[in-house]
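A.B. asks: What would the 3D arrangement of this be:
(one chain, ligands or ions: 1)
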Amino acid sequence: MTNRFQIHTTPLEDLNVLERKPIGDHRGFLERMHCNADLEELLNGSTIVQINRTLTQQRGTVRGMHFQQPPHCEKKIISCLRGEIFDVAVDLRPDSETYLQWHGVTLSESNHLTFFIPEGFAHGFQTLTDDCELLYLHTAFYHAESEAGLDATDPDLAIEWPLEFAQRSDRDNRLPKLDDGFNGIQL
Ligand SMILES: Cc1cn([C@H]2C[C@H](O)[C@@H](COP(=O)(O)OP(=O)(O)O[C@H]3O[C@@H](C)C(=O)[C@@H](O)[C@H]3O)O2)c(=O)[nH]c1=O
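C.D. replies: Next up is the predicted model:
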């Protein structure tokens, strides 16, 4: 099978950026958004069980940093279908050499990049344009009681957000900081 994804590693172990390879012609293009065969190694036995789409209307809005607690940890495969975002993952695995480090990547409607975030990471993003639409592929079902997060403005995380914050959810405004007794995610 033709591999329609180039896999780029990042400075954080197990965190990858996928470059989708569109096939273009005079009508436009076709590109694969997901393939269990092409991504078999990264999926490492997981399969996609839920797909979410979000719209974020205002530029500068931040969602995150979110994750699901064990045993509901998940891989997330994130693409931006409209607009442009700064997408961030934080390594929360205490045994990792890159524990508490973050990595950001710009995803846009035109750069054909997808963020592949494994279990044990928090995820969040800031919109760089109005009206951003994201497509999320998840390897675990949404489990409200397992939802957790960290404050995106935590100085100990020191994420360099590109813009002033425009909006956050009430829940995200109340998320704890590392200093509030966070011990990492034990997978
Ligand atoms: C994530 C999710 C939320 N919901 C509900 C809960 C709530 O009523 C409403 C909106 O949810 P939230 O406010 O949590 O949406 P949001 O803040 O956009 O949450 C998302 O943030 C980004 C950064 C992620 O990484 C995602 O996995 C997810 O956590 O949708 C579901 O029904 N199913 C789901 O899979």
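
A.B. asks: Need the three-state assignment for the residue nearest to F5 when sequence neighbours are not counted.
C.D. replies: Nearest residue to F5 in three dimensions, chain neighbours excluded: L18, at 4.6 Å (C-beta to C-beta, 6 or more residues apart in numbering). Placement of C-beta: from N, CA and C, glycine included. Three-state call for L18 (DSSP: H, G, I helix; E, B strand; the rest coil): strand.

A.B. asks: Could you report the neighbour count for L18?
C.D. replies: By other C-beta atoms under 10 Å, 24 other residues sit near L18.

A.B. asks: Next one: it from L43, what distance?
C.D. replies: 12 Å (C-beta to C-beta, to the nearest Å).

A.B. asks: which residues touch T114?
C.D. replies: 5, 17-20, 33, 77-79, 107 (C-beta atoms under 8 Å, 6 or more residues apart in numbering).

A.B. asks: Return the closest of those residues with respect to I48.
C.D. replies: Proximity of the contacts of T114 to I48 (C-beta to C-beta) peaks at I77, which lies at 7.4 Å.

A.B. asks: for the closest one, phi and psi?
C.D. replies: Here is the backbone geometry of I77 (degrees, to the nearest 10): phi -120, psi 110.

A.B. asks: wait, isn't it in contact with L137?
C.D. replies: Yes - between I77 and L137 a contact is recorded at 4.1 Å, counting by C-beta atoms under 8 Å.

A.B. asks: Name the residues contacting each of the two.
C.D. replies: Overlap of the contact sets of I77 and L137 (by C-beta under 8 Å, 6+ apart) consists of 34, 48.

A.B. asks: which SS state does the nearest residue to M33 once chain neighbours are set aside fall under?
C.D. replies: Spatial nearest neighbour of M33, excluding adjacent residues (C-beta to C-beta, 6+ apart): S79 at 6.4 Å. Put simply, S79 is strand when judged by three-state DSSP.
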